[in-house]
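> can't give you the sequence, but here's the structure:
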């Protein structure tokens, strides 16, 4: 009897090869220039994939479809001359994003801004970017947690005792 295939270790990839190319190109338009010069594109795509994996499947599928539609939609713009977004030069790619994000369709504009938000938020989650900005969230979180424990420690302990020890 044949054994069923084991699922791959780690998270299931969210982006296929084609969508990865679209997100890479999209990132070069919406992220700071340091993305390319700092060699961060691969790490950014991995972070976008982790971000998208956190969404419920219908939302994730809708966002992935949005990137694909954005890519294909560039063909319809006269200046795109039938080319997909991933094949546009930098200036034309920037114009296509601005046309969609600031265009006459509020729904498409909101969707383009949501896509930008996912990519840019992922960019600022990269450790190298945070270090360049002098942003070290782990140290800050630990400091705030210690301060809260100092101020509210007795109340927290009482509440935990009520729930965990004295409770049903």
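Arrived safely, thanks for sending. Treat the numbers as computed from the prediction; the structure is a model and nothing was measured.

> any idea how far residue 55 lies from residue 36?
To residue 36, residue 55 is 27 Å away according to Cβ to Cβ, to the nearest Å. The way it works is simple: take the backbone N, C-alpha and C, and place the C-beta from them, glycine included.

> please name the nearest non-neighbouring residue to residue 52.
Once flanking residues are discounted, residue 52 sits nearest to residue 14: 4.6 Å by Cβ to Cβ, 6 or more residues apart in numbering.

> so is the one you found in a helix, a strand, or just coil?
When classified by DSSP: H, G, I helix; E, B strand; the rest coil, residue 14 comes out as coil.

> starting at the chain centroid, how far to the longest helix seen in the chain?
If you go by DSSP state H, the chain has its longest helix at helix 137-164. Relative to its chain's centre, helix 137-164 lies at 31 Å (Cα atoms, centre = their mean, to the nearest Å).

> let's verify residue 82: helix, strand, or coil?
Once three-state DSSP is applied, residue 82 turns out coil.

> surely it meets residue 75?
Yes: between residue 82 and residue 75 there is a contact at 5.2 Å, judged by Cβ atoms under 8 Å.

> tell me which of those two has more neighbours.
Counting neighbours by other Cβ atoms under 10 Å for residue 82 and for residue 75 shows that residue 75 has the greater number, 14 against 10.

> help me confirm that the more buried one comes into contact with residue 83.
Yes: if you go by Cβ under 8 Å, residue 75 and residue 83 touch, sitting 6.4 Å apart.

> state the mean pLDDT of the longest helix of the chain.
Mean per-residue pLDDT for helix 137-164: 87.

> do the same with stretch 107-120
95.

> centre of the chain to that stretch, how far?
11 Å.

> spatially nearest residue to residue 86, not counting backbone neighbours?
residue 25 (4.5 Å).

> tell me which element that neighbour is part of?
Element membership for residue 25, per DSSP states H and E: helix 17-30.

> in that helix, what's buried?
Residues 19, 20, 21, 22, 23, 24, 25, 26, 27, 28, 29, 30 are the ones in helix 17-30 that count as buried (16 or more other Cβ atoms under 10 Å).

> what helices or strands is whichever helix or strand comes after that helix leaning on?
Next along the chain after helix 17-30, taking DSSP H and E as the criterion, comes helix 34-37. On a contact count with 3 or more Cβ pairs under 8 Å, 6 or more residues apart in numbering; DSSP states H and E, helix 34-37 meets helix 17-30.
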